[in-house]
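>>> My questions concern the predicted model and sequence given below.
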Amino acid sequence: MQTKSILLLIGGALGLFVLGLLVPEWLSYLMIIAMGKGIVVLGVVLLMRAGLVSFGQGLYYCIGAYVAGTLTQFAGISDVLLILLASIAASVLVAALVGLLLCRYRGIFFAMFSMAFSMILYGLLVRSSVLGSTDGFNVLRPSLLGWVPSDDASSDLVLAVAVVMVMILGSLMWLYFRSLSGYAGEAVRENEIRVEYLGTSVFRIIYTKYLIAAALAGIGGTVTALVSGHVDPEMAYWTTSGEFVFIALMGGTSHVAAPMVGAGLFELLRTYAFAIAPYTWQMILGSTLLLIIIFLPSGLWSLVSRFSRQARG
Amino acid sequence: MSALLETRNLERSFGAVTAAVDINVSINAGEVVGVIGSNGAGKTTFINMVTGYLKPSAGEILVDGRSIVGLQPRAVVRAGVGRSFQVAQLFPELSVLDNVLVALGLSVDRKLTLLRPLHSQKRRRKALEILAEYEIAGHADEVVATLPQGVRKLLDIAMAMLSSPRLMLLDEPTSGVAIEDKFALMETVMNRVRKSNAATLFVEHDMDVVQRYADRVLAFYDGRILADGTTAKVLSDPKVQELVVGHHLDIEVDSADAYESTVVPMEVRNA
């Protein structure tokens, strides 16, 4: 990566962090939630670029969140780095097993099977009284390398973690999309037969992407759990997974920033829609998505691409 | 010397329909073999079996004496067998250059690098060289979906040749290509094939193309091999002309032809 890009990245991260400190608390909360979901959607986009729509990323989002919850609540581990590592490990481990079956399917079957697995987790959690059943349980304040922040500083720590994660993962995914592995996903979407006849396993390509998407969802779930201070089975419910697909369609799949923009707008839209029309807010969301699909089929990021092309002449 | 490709009693059925039966073929290194036959004669079924796309119902396929029956297409490619398709199998939404770059990465580098950019200077140069060899470098930045059929066919073959196969199977390389472009396309392809020293099997309906490029011809009829021999002998055979070619061909047969017999004894049904 060029020095200019690295400086831009660090500047962007600092800007985002400072913005999070300056805006009202509710908006800062919304920013972190959006960043958490944006990370999950990054994984959804990764799969979409390979031609797969997952309606089951809630599975790993929930696993990431519950790992954060159980470690802080039951194991006495609050270090945010350890929690993140454990979330990634747990998500990837489950994905490694589930993916063996799932990555053999395409289209509607992949979408429905992925949803089925997340609903299995939902069912297990609802039945689990130890983990709070339908109510879930609270997540304790995180720490960092022995530093235990105060109540006020705790949300700043989570904000910093979210910003750093977004920047690091966004950069890695940006590089990934430009690599052979990134293009291999598009190749699989376009023509699996040719990929096989180039001597490469399509299954391996998809499986790798599925594991990466699971790790991203686990991280996103952890960030969300740490900022909200609570986890519950709804995180694995199919509507949560549908939300991620909704955001991916809103933002678009052409750039790593698109999921973040999509997630930010989605959270703002939902908040205001709920405030304006508490009983019909879903209609506002649905109408917005409809308009985006009709007028911007490649998502909101296509506007940015269009303007930047025009600026370049 | 053992054959590069050998098939023994190869058979493939789809339910009650037998698409190929009793296919016994032996191909040596460097041979250029034309495969002829009317639609449904079993040509593509034969190619699909050899390249792992279809599993034979019975029989054996040996490459360098090693059985490849049951192997996935990618394993067959690694065993040294490449193929192009009747309908070019490409990545239609990517540019021609990106198609070759991806193909280079997947078939030559074979390392799914996670973070190294696909578009490095070195790789781009190599990809453009390959496109130039197939005379399609002028289309490098065009999206595949917008290309004419002939360019797609050449790109399909160029991508299949990247793995340096020792046996290349071309399924109707000139189908859908304008008559005036057929020979130019075949010339480009055969030049590349000769340079690579790969044995080549090409399915073709145009007998002029077969006569010009094939050293040997396999004539398929009704799922069986009706004749196997030098091009002149097979194409001059009255039975082949009647059942496969469909019209008379004036061909001079050299008495020093390497194959003693062309028509494989068989009962021709409905003849």
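Perfect, thanks for sending it.
>>> which residues of the stretch 1-150 of chain A fall in strands?
A:137-138 (DSSP state E, counting those that start in this stretch).
>>> Pass me the low-pLDDT residue ranges in it, would you?
Scanning the stretch 1-150 of chain A for pLDDT under 70 picks out A:1-2.
>>> Next: the stretch 201-313 of chain A.
By pLDDT under 70, the low-scoring segments of the stretch 201-313 of chain A are A:313.
>>> At which residues are the strands of it located?
Counting by DSSP E, counting those that start in this stretch, the strands of the stretch 201-313 of chain A are A:230-231.
>>> Quick check, the residue in it closest to chain B?
Using Cβ to the nearest Cβ, the single residue of the stretch 201-313 of chain A nearest to chain B is A:Ser201, 5.8 Å away. C-betas here are computed from N, CA, C, even on glycine.
>>> Could you tell me the phi and psi values at that residue?
The phi/psi pair for A:Ser201 (degrees, to the nearest 10) reads phi -80, psi 120.
>>> and the helix or strand harbouring B:Arg212, what does it pack onto?
Using DSSP states H and E, the secondary-structure element containing B:Arg212 is helix B:207-213. Helices and strands touching helix B:207-213, by 3 or more Cβ pairs under 8 Å, 6 or more residues apart in numbering or on different chains; DSSP states H and E, are strand B:32-36, helix B:179-196, helix B:231-236.
>>> wait, what's in contact with the residue of chain B most remote from its centre?
In terms of distance from the mean C-alpha position of chain B, B:Leu115 ranks first, at 35.3 Å (Cα atoms, centre = their mean). B:Leu115 is in contact with A:172, A:175-176, A:179, counting by Cβ atoms under 8 Å, 6 or more residues apart in numbering or on different chains.
>>> Then B:Val32?
B:Val32 makes contacts with B:190, B:193, B:199-200, B:202, B:213-216, as judged by Cβ under 8 Å, 6+ apart.
>>> Quick check: it vs chain A, distance?
As defined by Cβ to the nearest Cβ, to the nearest Å, B:Val32 lies at a distance of 21 Å from chain A.
>>> So B:Ser67 versus A:Thr3, what's the distance?
Taking Cβ to Cβ, to the nearest Å as the measure, B:Ser67 falls 55 Å from A:Thr3.
>>> circling back: can you lay out the helices and strands packed on helix B:207-213 as a markdown table showing distance to B:Leu101 and mean pLDDT?
As requested, the helices and strands packed on helix B:207-213 are exported to a markdown table (distance: least, Cβ to Cβ, whole Å; pLDDT from 0 to 100):
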| stretch | distance to B:Leu101 | mean pLDDT |
| --- | --- | --- |
| strand B:32-36 | 30 | 95 |
| helix B:179-196 | 19 | 91 |
| helix B:231-236 | 38 | 91 |
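>>> returning to that earlier point: would you mind giving the orientation angle of the following helix or strand past the helix holding B:Arg212 with respect to strand B:32-36?
Next in sequence after helix B:207-213, counting helices and strands by DSSP H and E, comes strand B:216-221. Counting by axes from the mean of the first three to the mean of the last three Cα atoms, to 10 degrees, strand B:216-221 lies at 20 degrees to strand B:32-36.
>>> what's strand B:216-221 in contact with?
Strand B:216-221 has contacts (Cβ under 8 Å, 6+ apart) with B:25, B:31-38, B:41-43, B:46, B:201, B:210, B:225-231, B:234-235, B:237, B:240, B:243-244, B:259, B:268.
>>> What pairs with that strand, parallel or antiparallel?
Strand B:216-221 has the following strand partners under DSSP bridges: strand B:32-36 (parallel), strand B:224-230 (antiparallel).
>>> can you tell me how far the residue nearest to A:Gly242 when sequence neighbours are not counted sits from A:Ile205?
What sits nearest to A:Gly242 in space, not counting adjacent residues and going by Cβ to Cβ, 6 or more residues apart in numbering or on different chains, is A:Phe55, at 6.2 Å. Counting by Cβ to Cβ, the gap from A:Phe55 to A:Ile205 is 21 Å.
>>> Kindly report the same for A:Gln310.
From A:Gln310 to A:Ile205 the distance is 35 Å (Cβ to Cβ).
>>> repeat for B:Leu169
Distance of B:Leu169 to A:Ile205, given as Cβ to Cβ: 24 Å.
>>> And these two? Which one has more around it.
B:Leu169 (27 against 21; other Cβ atoms under 10 Å in any protein chain shown).
>>> how would you label B:Ile61: helix, strand or coil?
When classified by DSSP: H, G, I helix; E, B strand; the rest coil, B:Ile61 comes out as strand.
>>> Closest to the centroid, which residue in chain A?
Taking Cα atoms, centre = their mean, chain A has its central residue at A:Val40, 1.0 Å away.
>>> B:Ser67 and A:Thr3 - which one has more neighbours?
B:Ser67 (13 against 7).
>>> okay but the more buried one is in contact with B:Gly52, surely?
No. If you go by Cβ atoms under 8 Å, B:Ser67 and B:Gly52 don't touch, sitting 11.8 Å apart.
>>> Below-threshold pLDDT in chain B: ranges please.
For chain B (pLDDT under 70), the answer is B:1, B:110, B:248, B:252-271.
>>> Spell out which residues of it are next to chain A.
Residues of chain B found near chain A (Cβ under 8 Å from any Cβ of the partner chain) are B:51, B:72-74, B:77-78, B:82-83, B:85, B:89-94, B:98, B:101-103, B:105-107, B:109-119, B:159-160, B:162-163.
>>> So which of these are in helices?
B:73-74, B:77-78, B:98, B:101-103, B:159-160 (DSSP state H).
>>> My guess is A:Val227 contacts A:Asp156. True?
No. Using Cβ under 8 Å, A:Val227 makes no contact with A:Asp156, being 10.8 Å away.
>>> And these two? Which one has more around it.
Using other Cβ under 10 Å as the criterion, A:Val227 and A:Asp156 rank with A:Val227 on top: 25 against 15.
>>> contacting residues around that one?
Here A:Val227 is in contact with A:29, A:32-33, A:36, A:155, A:158-159, A:162 (Cβ under 8 Å, 6+ apart).
>>> Now list the buried members of those.
The neighbour-count test (16 or more other Cβ atoms under 10 Å in any protein chain shown) marks A:29, A:32-33, A:36, A:155, A:158-159, A:162 as buried among those.
>>> Now the two most distant members of those residues.
Pairwise distances across these peak at 13.0 Å for A:Gly36 and A:Ser155 (criterion: Cβ to Cβ).
>>> could you redo the helices and strands packed on helix B:207-213 as TSV and give each row distance to A:Thr70?
Shown next, in TSV, are those (distance: least, Cβ to Cβ, whole Å):
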stretch	distance to A:Thr70
strand B:32-36	64
helix B:179-196	59
helix B:231-236	74
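>>> out of these, deepest packed?
Per-stretch averages of neighbours, counted by mean count of other Cβ atoms under 10 Å in any protein chain shown, single out strand B:32-36 among the helices and strands packed on helix B:207-213, with a mean of 25.
>>> about what we covered before: next, the contact list for the residue nearest to A:Gly242, please.
So A:Phe55 contacts A:111-112, A:114-115, A:118, A:238, A:241-242, A:245 (Cβ under 8 Å, 6+ apart).
>>> can you check A:Gly199 too?
B:74, B:77-78, B:106-107, B:110, B:163.
>>> neighbours around the spatially closest residue to it that is not a sequence neighbour, how many?
Leaving aside its chain neighbours, A:Gly199 sits nearest to B:Val77 (4.1 Å; criterion: Cβ to Cβ, 6+ apart). Look at B:Val77: counted by other Cβ under 10 Å, it has 23 neighbours.
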